[in-house]
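[1] Take a look and give me a structure for this.
(chains A, B and C)
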Amino acid sequence: MFLQDNIMLFVFLVFFICGMLFVDKFASAYNIKNYLKNCAPLLVVSTGLTYVVLNGGIDFSTTSIISLGSVLGAHLLVESPLAGTPLAVPLTILIIVGIGLAFGVVNGLAVSRLKMPSFVATLSTQLIGAGLAVWFGSILFEGAVSLGGLPEAFRAIGGRGMFWLPILIATVIFVIFNWMLCKTVFGKQIYAIGVNPRTAEVSGVPVKKNIFLLFVISGGLAGVASIIYTAKNGAGVPTMGDAMFIDIVGSVVIGGTDPAGGFGGVKNTLYGVLFLTLVSNILNLMGIEWFYVDLIKGALVIAAAVLNLIFKNLGARGRA
Amino acid sequence: MSTDILTLKGIRKSFFGTEVLHGIDVSIRKGTVHGLVGENGAGKSTLMNVLGGVFRPDEGEMLVDGKPYAPQSPKDAQKAHIAFVHQELNLFSNLTVAENLFIEDLPLGAFQQVKYKQMEQETVRYLKDFQIDVNPKTKVENLSMGVRQSIEIAKALIINADVVIFDEPTTSLTKVEKDQLFRIIADLKARNVTIIYISHILEDVFELCDDISVLRDGSLITTMPAGETNRDALISLMVGRKLENVYPTVEKTIGEEILCCKHIASGSLVKDAGLTLHRGEILGVFGLMGSGRTELMRALFGLDKISGGEIIYKGKNFTHHTPKQAIEAGIAFVTEDRRDEGLLMPKPVEENLLLVHLPALAGKTGVVDQRKGEEMADASIKALHTKVQNKKTQLVCNLSGGNQQKVVLGKWIMHEPEVLILDEPTRGVDVGAKYEIYTIIQERAKEQSSVLVVSSEMEELMGICDRIVVMSAGRMAGEIECSEFEQNSIMEMALAGGGKA
Amino acid sequence: MRKVTAVVLTIAMSLALAACGGKAEDTVTTEESGKTEEAENYTIGVAVDTLDTQFWIANYQAIKDRAEELGNITLVEAIASADANVQNQQIEDFIAQDVDAVICMASDGAAIAAAVDECNEAGIPIIMNNRPVVEGTADPDAQVLSDNKQMAYEEMKWFIEKSKEEGKSYKCLMLVGNLGDGNAVERRDGYQAAVDEFGEGVVEIVLSVPTEWDHEVALAGLQSGLASNPDIDMMILPSDFLWEPVQTALTEVGKWAPIGEENHVACISFDGDETGRQMMADGYCWADAAQSAALQGETCVDTALSLIKGESLPSRDIKDSGLLVTCDNFEEVKDSF
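    Got it, this is the predicted structure:
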């Protein structure tokens, strides 16, 4: 049973060990530190997305939150009246998370009250957000496309000088949100809604309110991820999050959370994040020619997803 | 001398290390109707699934018409001309009648397109055989349960079955539809088709069957001609004990009024309904299909909108509320359809049992007290005699119908409701479990809870209720106290508004 | 049974991965054994953004050719496809592999600062290839750049003087590249400076159209620009990359004609790639400031080698002043760029 539930952890460990044995330079301190630093922001945003996926939904707007947060954050830290003041960093953090939460509220209302499918609602907010990111970039960055020169205190969140800081943040978030999903009424109700919202409603679960909260969580955590990515790359880039969606959704799905809803969890997403980031790292280190990298990554992703399906069907076999 | 069309020898089957069929030996005579009875969990469905090619037996062999039969899949069973009409209908509600009938084998043209005209003509022909007059282009979701079942039967017979297995076919049928089914079965028998008939309704079994086999706890107890036994004897064999009363009795007092609703209108089916419920009272609600009984219950619980009338609960106005509010006020609702609205099918028993009570298990912090939850789940399983091996790993979809229903009941009772609304609580449940459920209902009433029971089985209502109200065409058609219970007068009231009979 | 299959599958995948790794290792060793005189073998990480213009293709090829020519250099490549986040990760992975130097074509001049910092800390020389870091954000060891500003300035200056000779004056539409790219900024500044200094009464820039180095964006901007300013008779292309949308837009308004014909719109361009050469040959283009894609690529490799060996450079920024190709000197120089 443990194996069945944690199959991706097992796969990850196997690959990790293979990496240590066969791949040159994988086991160096520098590489492991980088690997963990790369896992951190992905884990944060994917954790948020897990909540939405557990309900059978999707949240495309996470990438736009990352981009928009990056642009506005950089502006606040470098060009705005706030720049240089001691409050700059904490205030910027609050505002970026606030942006994420705002998106979450809009998405949540659209899905829970207006009954829009999450696909449609979050795709719309994603497009609007991406557009806003580029627009703000063009008017705020004085002619340039991106803005660097972020203060050291902020860049520390991305691991500059303190490589453990983003890892710590990600770990704390993981622990909190995993606990919330497993141990609280809210968390358990999410699984029920994901499996059968009608049964949940009859059984007294506040379905609409809970679904609303899922998107708020997803948006908020995307905001936190935006902070880490921006700090890590040392610049506000309006297209920061654009190519990330595959990794975000990929890590949730590969980790073992069922896209149809009701099964999986934040723990699974952790495995997915560890695995995907590991694959990228190993392929880069092996110097695989770039056009093979995506191919191999894609194939491994499919293989891992198939493994998940096999194990899922093992459990659900045998009707009365 | 009729030959045996079907012989099973020493069939054994285990799941996850637990043996559920202990060496079944049975022979079925050709051209007969062979009844199969037993409590839920006895192994009837498993045995039929082995016969139908869904499961492979671990040991034993089967013969069809004297030839070895070892199906690897349901398609093999079809090829051997064995057809299955399942308890839970397998029709696609969003497709038409014709499409459903031919779904396995759509007639295709030269370019792989579906030959609709041909399909629809053949459909009409088939259905005429069963005196079903339905437009083949109708979508199944627009048909009544009875007609749907007839189509399911027709579907099974398209493969020219020699053996047709019926698994609890009458649970969702009206009397008229049931009579029609029996006519069809007689018709099949006349054509030398063999029928295996699984049902809990023993009267029907006696009416239809030539031979009866009894399964109990995975073993075939006996097979005998129907004429050589009777209802009581059969029940004893099924349960292993003699049942004194089918309905339990308990000492209790009925208190003051707790719920009163007047002139309720809701949706299209409830026009002007009302009832009063007292503490400790078991009130039965009887009505024929379409009378609005279920819809009234849903409106009372807050699942459907109320467009007229008022509800007074515990002295206060309680007309418009959500299910959550109803639950917090002490009302519980066991819905008619446990698969879609009562259970989280692919989840374990424990998770299902705790679903309603979760907020209470957590208190202010929102953190669920896992241990307390486990204890309460264990207590529920024990009190209701739910047959479950491991509440944490066994999925509810793998339980028998009766045990599933006990999980639903357990879930609601854990929250100690003051008003318990039950809609068809013993549908698809075997005799032994029925008795247990009746006992539970009586116990709740004794502890000053109130129970509203909606049921199609008049006998059941007469057996456990203090009072019965009858609904017909969305209105109240009458009310009888238990001392005056009488089948014919109740049915008269139910028919008065022009409901189906 | 299924569990066993799954475990076997996993191990098979890992072995396949390892085998690929083995192959990559093999290629390294065979190259090594092929070398002749140099005792040291160096590894250089080449971080590429995209290879979607002729300039970059030529540049990249030149890097590969030079490395092969020198014989003691192994290249490790990574392509970021316009994702700044990915590029930084790729350079970190270069560092983990202990490369001796990094040649970098930056996706984003501001975000690349993080990677430059990492290289500095690891003591690995990093050379910016044609795209500079945003001034002041980081300190790469070297930058091989086109002297964009100077080249643009000279080009515009030539054109203005030519126009004065011919007694013509022009209303000009200036296309601008992606402003995250320092090169685009410099070119715009160069053109503008020349116009400010010399252009009075000869060249007037009526409209600036942003293109983000994207054909679609450029085309849309051109169409609306030409519609609102029908008297435009000159265009500045900051890169030969933009000829396609320019041709399309001008053809739509009937103004695509070579020098001398009616409706001709004077164009001056930048880069000097195949397309530019063709445009000059066909007479649509007055002048093209040619970047030496190959020369820059080569210089990157040579500079990297010098830095690895610990030699010091005359200056951090190595500027290629390119070649100004005009309709006057085209016949002479047409084969040298």
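
[2] Give me the phi and psi for the residue in chain A positioned nearest to chain C.
    Nearest residue of chain A to chain C (CB to the nearest CB) works out as residue A:145 at 2.8 Å. For every residue, glycine as well, the C-beta is placed using N, CA and C. The phi and psi values for residue A:145, taken as degrees, to the nearest 10, are phi -90, psi -40.

[3] Let me see the contact set for it.
    Counting by CB atoms under 8 Å, 6 or more residues apart in numbering or on different chains, residue A:145 touches A:137-138, A:237-238, C:108, C:178-181, C:212.

[4] tell me the least confident of the residues you listed?
    pLDDT across the contacts of residue A:145 is lowest for residue C:180, at 65.

[5] so what's residue C:29 scoring on pLDDT?
    In this prediction residue C:29 is given a pLDDT of 39.

[6] oh sorry, the question was meant for residue C:123
    92.

[7] Kindly report the same for the one 3 residues further on.
    As predicted, residue C:126 sits at a pLDDT of 95.

[8] Ok, residue C:144 next?
    Listed pLDDT for residue C:144 reads 91.

[9] Just give me the neighbour total for residue B:322.
    15 (other CB atoms under 10 Å in any protein chain shown).

[10] for it, what are its contacts?
    So residue B:322 contacts residue B:302 (CB under 8 Å, 6+ apart).

[11] what about it, distance to residue B:331?
    11 Å (CB to CB, to the nearest Å).

[12] go on, residue C:115?
    64 Å.

[13] what about the residue nearest to residue B:106 when sequence neighbours are not counted, how many neighbours?
    Distance criterion CB to CB, 6 or more residues apart in numbering or on different chains; nearest residue to residue B:106, sequence neighbours excluded, is residue B:114 at 5.2 Å. By other CB under 10 Å, the residues close to residue B:114 number 14.

[14] just checking, residue B:114 touches residue B:98?
    No: taking contacts as CB atoms under 8 Å, residue B:114 lies outside contact range of residue B:98: 9.6 Å.

[15] who has more neighbours, residue C:115 and residue B:331?
    Per other CB under 10 Å, whichever of residue C:115 and residue B:331 has more neighbours is residue C:115, with 28 against 25.

[16] now stretch A:215-223: mean pLDDT?
    Mean pLDDT, computed over stretch A:215-223, is 97.

[17] pLDDT weak spots in the chain?
    You didn't say which chain, so I picked chain A. A:1-5, A:143, A:289-291, A:301, A:304-305, A:308, A:311-320 (pLDDT under 70).

[18] could you do chain C instead?
    In chain C the weaker segments, taking pLDDT under 70 as the threshold, are C:1-39, C:179-180, C:334-337.

[19] Now do the contacts for residue C:300.
    Counting by CB under 8 Å, 6+ apart, residue C:300 makes contact with C:63, C:103, C:127, C:129, C:144.

[20] Please narrow those to those residing in strands.
    C:103, C:127, C:129, C:144 (DSSP state E).

[21] could the residues you listed go into CSV alongside neighbour count and distance to residue C:187?
    Output for the ones in strands among the contacts of residue C:300, formatted as CSV (neighbours: other CB atoms under 10 Å in any protein chain shown; distance: CB to CB, whole Å):
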residue, neighbour count, distance to residue C:187
C:103, 27, 22
C:127, 26, 22
C:129, 29, 17
C:144, 26, 17
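
[22] wait, isn't residue B:453 in contact with residue B:440?
    No: between residue B:453 and residue B:440 there is no contact under CB under 8 Å: 11.7 Å.

[23] So which of the two has more stuff around it?
    Applying other CB under 10 Å to residue B:453 and residue B:440 shows that residue B:453 carries more neighbours, namely 25 against 21.

[24] returning to that earlier point: separation between the residue of chain A closest to chain C and residue C:129?
    19 Å.

[25] Apart from its chain neighbours, what residue comes closest to residue A:240?
    residue A:70 (4.3 Å).

[26] What's the local residue count around the one you found?
    Residue A:70 has 30 neighbours, counted by other CB under 10 Å.

[27] these two touch, right, it and residue A:232?
    No: Residue A:70 is beyond contact range of residue A:232, at 10.5 Å (criterion: CB under 8 Å).

[28] backbone phi and psi for the residue in the stretch 1-150 of chain C that chain A sits nearest to, please?
    Closest approach between the stretch 1-150 of chain C and chain A, counting by CB to the nearest CB: residue C:110, at 3.3 Å. Main-chain torsions, residue C:110, degrees, to the nearest 10: phi -90, psi -50.

[29] so what's residue 267 up against?
    No chain was given, so I picked chain A. Applying CB under 8 Å, 6+ apart, we find residue A:267 in contact with A:6, A:178.

[30] please go with chain C instead
    By CB under 8 Å, 6+ apart, the contact set of residue C:267 is C:234-237, C:246, C:279, C:284-286.
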